[in-house]
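[1] I would like to see how this sequence folds:
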Amino acid sequence: MVCEDQKSWRRYGVEFGGAMALYTICVPVTVMISERYEPEGGAALAVAMIPVIPTMLAFWAFMRQFWRVDELQRRVVSEAVVVAAAVVGFGSFALGWVAAVAGWEMETGALLWVLPALIMVWGVAMFFVKRRYS
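    Numbering: from 1, shown residues only. A predicted model of the protein is given here:
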């Protein structure tokens, strides 16, 4: 029999995975619309927000799971988020200084990688933080 904890993580996988599947569809659709129609003003803003909607759904799935878990798991998740924020924050800070000193021209598109990097590093940090409490 599957325990409640496994059910909640399975539910999270479905919710988060669905949001990410929607995101993988929205990104090429956004690029296609942007390149084909070259929207301006409010239309450009609306098109740019298309991939943001599934990321908000993914965040909502994360928060729902956070509220479902026990206190120890919340502590592990919180600590991993702090580690991920520090790693990505210091990494982007260092990259900014390297770019400034080296005279690199960076596109604003590079900023699109900050949130996915934060999420990825959070997942890796979860692995190591969980080991401390095992």
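[2] chain center to the longest helix anywhere in the chain, what's the gap?
    Across the chain, the longest stretch assigned as helix under DSSP state H is helix 4-37. Averaging C-alpha positions (Cα atoms, centre = their mean, to the nearest Å) puts helix 4-37 11 Å from its chain's average.
[3] How about the helix or strand just after that helix, which residues are buried there?
    Per DSSP states H and E, the first helix or strand lying C-terminal to helix 4-37 is helix 42-48. Across helix 42-48, burial judged by 16 or more other Cβ atoms under 10 Å covers Val47. For the C-beta atoms, the positions are set from N, CA and C on the backbone; glycine is no exception.
[4] before we move on, what about stretch 28-47?
    By 16+ other Cβ under 10 Å, the buried positions in stretch 28-47 come out as Thr30, Ile33, Val47.
[5] Which single one of those is nearest to Glu71?
    Nearest to Glu71 out of these is Thr30 (Cβ to Cβ; 39.5 Å).
[6] still on that earlier bit, just put the buried residues of stretch 28-47 in TSV and tack on pLDDT and distance to Val98.
    Putting the buried residues of stretch 28-47 into TSV (pLDDT from 0 to 100; distance: Cβ to Cβ, whole Å) gives the following:
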residue	pLDDT	distance to Val98
Thr30	96	30
Ile33	96	34
Val47	95	32
